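Q: Next come a sequence and a model predicted from it.
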Amino acid sequence: MNTFIIVLLTLAGILALLLIIALFTRKEYYIRREIAIEASPQTVFNYLKLLKNQDHFNKWVMVDPGMKREFKGTDGTLGFIYAWNGNKQAGEGEQEITHIHEGKRIDTEIRFKRPFVSTAYATLDIELVSESQTKLSWSNKSAMAYPMNLMVSLIEKMLAKDMDTSLQNLKIILEK
């Protein structure tokens, strides 16, 4: 019985320590990834402003080829919503175009319903490097509630890796 109590108290101590650490851990995360694409800025912009094109390059969209999709509005315009409901990996949510600066920037709000409720903000910045080369910067920011904020660093690493994969996929498509 003493061993059981010691194990129980040890687990309770570890849990308490984690909860205390979470109190002092940041809640927000911000990831920015960049890639150079051998295509004009307008070509890159025109492809990216159509959220339906994510089906071809975005790693998160591609995890469930059979997911249900719903579209509201006109793709590539302010207020367009791309909604999805997929398997355990894809989850459920919607992405809305919230701002378009023609040829330069696209802002979206991503509202997740499953596997957990949260809101993220993604920005795509398109910058001229030369007449035939574009620098694309993709940023994603959000916050995690206590005590889930303990996972912020892990989430940043995972998202950065997935964003890099998606950007490589996009580069292949746009450089054909």
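A: Yes, it's here. Numbering: from 1, shown residues only.
Q: For stretch 40-53, give the mean pLDDT please.
A: Mean per-residue pLDDT for stretch 40-53: 96.
Q: Identify the residues contacting that stretch?
A: 37, 71, 75-76, 80, 82, 95, 97, 100, 102-104, 106, 108, 124, 126-128, 131-132, 134, 136, 170, 173-174 (Cβ atoms under 8 Å, 6 or more residues apart in numbering). From N, CA and C alone the C-beta is placed, and that goes for glycine too.
Q: Mind checking which of those residues are buried?
A: Buried by 16 or more other Cβ atoms under 10 Å: 37, 76, 80, 82, 95, 97, 100, 106, 108, 124, 126, 134, 136, 170, 174, out of the contacts of stretch 40-53.
Q: Among those residues, which are located in helices?
A: In this view, these that belong to helices under DSSP state H are L170, L174.
Q: Closest one to E28 out of the buried ones among the contacts of stretch 40-53, please.
A: T108 (17.9 Å; Cβ to Cβ).
Q: Now do the same contact list for K88.
A: P115.
Q: Am I right that it sits in a helix?
A: No: K88: not assigned to a helix; according to DSSP: H, G, I helix; E, B strand; the rest coil it is coil.
Q: Quick check: pLDDT value at it.
A: The per-residue pLDDT reported for K88 equals 90.
Q: Is the residue nearest the centre of the chain in a helix, a strand, or coil?
A: The centre of the chain sits closest to N140, judged by Cα atoms, centre = their mean, with a distance of 5.7 Å. For N140, the secondary-structure state derived from three-state DSSP is strand.
Q: That one is in contact with N58, isn't it?
A: No: the criterion here is Cβ atoms under 8 Å, and N140 misses it with N58 at 11.8 Å.
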